[in-house]
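Participant: I'd like to go over a predicted model; first the sequence, then the structure.
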Amino acid sequence: MAENQADLDLTFLYEIADGSDEFIVESIDMFLQQTPMLVTEIGSAISSENWAAAGAAAHKLKPNLGFFGMHTTQGMMQDIEHIAKNGAPEPQVLKEKFENAKVLIEANLAELEKIRAEKSA
């Protein structure tokens, strides 16, 4: 997967939306509000070497990623959570994994912004 390629699979969202663009837009809005805050929280926790907080925030983000079919990113967050909860024995590895996940999350957010705009038009 290219570094800047989104890993969205919105099949589940479209199935439960049952044709409702309003539901899709509301779901995307919630994700666009929550995700950047959680990513910032993870990044700050990693920077300050607060492994418990990093693991907790990664844990919170995983279901949201799964809901939007971001399975690659969800797996990356699982790795981050696991490393952090084990006290980050190799902090540089954790930082690199987070930076890689962040790039993919940002690509996902940009793609969701486009979809939101299309559905809101």
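Facilitator: That came through fine. Numbering: from 1, shown residues only.
Participant: hey, let's count contacts and neighbours off CA atoms from now on
Facilitator: Fine.
Participant: Which residues are in contact with T11?
Facilitator: The contact partners of T11, by Cα atoms under 8 Å, 6 or more residues apart in numbering, come to G69.
Participant: and the longest helix for this protein?
Facilitator: In the chain, taking DSSP state H as the definition, the longest helix is helix 91-120.
Participant: could you give the angle of whichever helix or strand P36 is part of to helix 91-120?
Facilitator: P36 is part of helix 21-47, with elements assigned from DSSP states H and E. If you take axes from the mean of the first three to the mean of the last three Cα atoms, to 10 degrees, helix 21-47 sits at 160 degrees to helix 91-120.
Participant: Which is the succeeding secondary structure element to helix 21-47?
Facilitator: Following helix 21-47 toward the C-terminus (DSSP H and E): helix 51-67.
Participant: mind listing what the closest residue to I46 other than its chain neighbours touches?
Facilitator: Spatial nearest neighbour of I46, chain neighbours left out: A54 (6.0 Å); criterion: Cα to Cα, 6 or more residues apart in numbering. Residues near A54 by Cα under 8 Å, 6+ apart: 41-43, 45-46, 80-81, 84.
Participant: Distance check, A54 against F31.
Facilitator: Counting by Cα to Cα, to the nearest Å, the gap from A54 to F31 is 19 Å.
Participant: With F98 instead?
Facilitator: 19 Å.
Participant: Those two - which one has more neighbours?
Facilitator: Between F98 and F31, counted using other Cα atoms under 10 Å, the more crowded position is F98 (21 against 18).
Participant: wait, doesn't the more buried one sit right on G43?
Facilitator: Yes. Here F98 reaches G43: they are 7.5 Å apart, a contact under Cα atoms under 8 Å.
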